[in-house]
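Participant: A predicted structure for the sequence below; I have some questions about it.
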Amino acid sequence: MAAHPTPPAQSKAIVFLRRSASTLFLWGLVTAIFVSGKSWGMLGLMAVLTMIATIEYFKMMRAAAVKCFPCFGIALAAIYCGVLSWHFVKGGTSLPTDMDALYVFLAVAVPFTLQLRHPIRGLESLQAVAVNLLGFVYIALLFNFATRVTFMAPGANSVPGLVGHSGAFLLLWLLAVTKFTDMGAYIVGSMIGRHKMIPHVSPGKTWEGFGGALLFSQLAACGLYALFPDHLGFFKNWGHVVFLGFLLSILAVIGDLAESVLKRAINAKDSGSMLPGIGGSLDLIDSICFTAPALYFYLKWVLLPAA
């Protein structure tokens, strides 16, 4: 039987058009939720993205024959998202201090317990526990800092079931800075990228693209702050906005590269095919997993210490 010919690589123009269409669809969805002001809409979107990304993660691991416990990992992420959503829909503004510690404990203790049923096969036994712990912390825990950011802004959840203007605009600012970073890196890197940044991790990343990422992040950060100074007033001044713009841009690039490390380690191209030109849910949220926690802790410790 003759071998099937290798499909031709897609041109940059086609990839760009598909990526743009997926991006427009996502921004349309975010805008619809933003306009509605319903907390369940925002929480539902976060939970759906978390669950799809978690399923993609464990599918990649199983495809690479990496020992893990996917049923438990997916169930733990679902329970965590459910508890988180219930807390904020009911009017909560911050999570109990020990909640995350409880779920991290479960992410370690239960896989070790499940591993007791199987013979010890060198590092594979520890790998099974580590893969489950990484899956929960990397996706469910880190990504849902975007949820915490939304409800920690002053007055963000003053009416249970609704997201206040400050929380909604803060989430919009976070998403815009993060995704403009990705967009700037892709556009500038595709147009003038010549000098490879980290070729052993991501051959397509260039230093020119990194410069574009920094520039586009500032366009989003400063542009939104200039347009909506009242809704983003807790940033206090331009210094915090500019600094956070650069910080989140660098972390967004690192977050994108972190997923590249994961995929190259298990020889996977994309986490999924949910979004043409982008990939799966994990490909979509990888940078947010790094930018959302940074923004949360900066707000908590620097801008809103009394909150």
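Facilitator: It's in.
Participant: Output the below-cut-off pLDDT ranges for the stretch 151-300 of the chain.
Facilitator: Along the stretch 151-300 of the chain, the parts satisfying pLDDT under 70 run over 272-278.
Participant: so where do the strands sit in it?
Facilitator: Along the stretch 151-300 of the chain, the stretches classed as strands by DSSP state E, counting those that start in this stretch are 196-198, 202-206.
Participant: will you turn those strands into TSV that also has mean neighbour count?
Facilitator: For the C-beta atoms, the positions are set from N, CA and C on the backbone; glycine is no exception. Listed next are the strands of the stretch 151-300 of the chain as TSV, based on neighbours: other CB atoms under 10 Å:
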stretch	mean neighbour count
strand 196-198	16
strand 202-206	18
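Participant: For Y57, give me its contacts.
Facilitator: 73, 135, 138-139, 271, 282 (CB atoms under 8 Å, 6 or more residues apart in numbering).
Participant: Can you say which of the strands of the stretch 151-300 of the chain is nearest to V163?
Facilitator: Nearest of the strands of the stretch 151-300 of the chain to V163, taken as CB to CB: strand 202-206 at 34.6 Å.
Participant: From the rest of the structure, what touches the closest one?
Facilitator: Applying CB under 8 Å, 6+ apart, the contact partners of strand 202-206 are 185, 189, 193-199, 253, 256-257, 260.
Participant: Give me the distance from it to the chain's centre.
Facilitator: 20 Å (CA atoms, centre = their mean, to the nearest Å).
Participant: Can you list the strands that that strand pairs with?
Facilitator: Taking DSSP bridges as the criterion, strand 202-206 forms sheet pairs with strand 196-198 (antiparallel).
Participant: contacting residues around the strand it pairs with?
Facilitator: For strand 196-198, contacts defined as CB under 8 Å, 6+ apart pick out 203, 205-207, 209-210, 257.
Participant: Helices along the stretch 101-250 of the chain, start to end?
Facilitator: 123-135, 142-143, 145-152, 165-192, 207-227, 238-265 (DSSP state H, counting those that start in this stretch).
Participant: Any buried residues in stretch 118-126, and which?
Facilitator: S125 (16 or more other CB atoms under 10 Å).
Participant: average model confidence for that stretch?
Facilitator: Here stretch 118-126 scores 88 as its mean pLDDT.
Participant: Could I get the CA-only coordinates of that stretch as PDB?
Facilitator: The C-alpha trace of stretch 118-126 is given here as PDB (Å, rounded to 0.1, in the frame of the first residue of the first chain):
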ATOM      1  CA  HIS A 118       0.300  -0.700  41.200                       C
ATOM      2  CA  PRO A 119       3.800  -2.300  41.400                       C
ATOM      3  CA  ILE A 120       6.700   0.100  41.800                       C
ATOM      4  CA  ARG A 121       8.400   0.600  38.500                       C
ATOM      5  CA  GLY A 122      11.200   3.100  39.100                       C
ATOM      6  CA  LEU A 123      10.500   6.800  38.500                       C
ATOM      7  CA  GLU A 124       7.200   5.900  36.700                       C
ATOM      8  CA  SER A 125       5.500   5.600  40.100                       C
ATOM      9  CA  LEU A 126       6.600   9.100  41.200                       C
END
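Participant: which outside residues touch it?
Facilitator: Here stretch 118-126 makes contact (CB under 8 Å, 6+ apart) with 67, 115, 128.
Participant: Could you single out the nearest of those to G82?
Facilitator: Nearest to G82 among the contacts of stretch 118-126, counting by CB to CB, is A128 at 24.9 Å.
Participant: what about the closest one, neighbour count?
Facilitator: Using other CB atoms under 10 Å, A128 is surrounded by 21 other residues.
Participant: That one contacts Q115, doesn't it?
Facilitator: Yes: taking CB atoms under 8 Å as the definition, A128 is a contact partner of Q115 at 5.6 Å.
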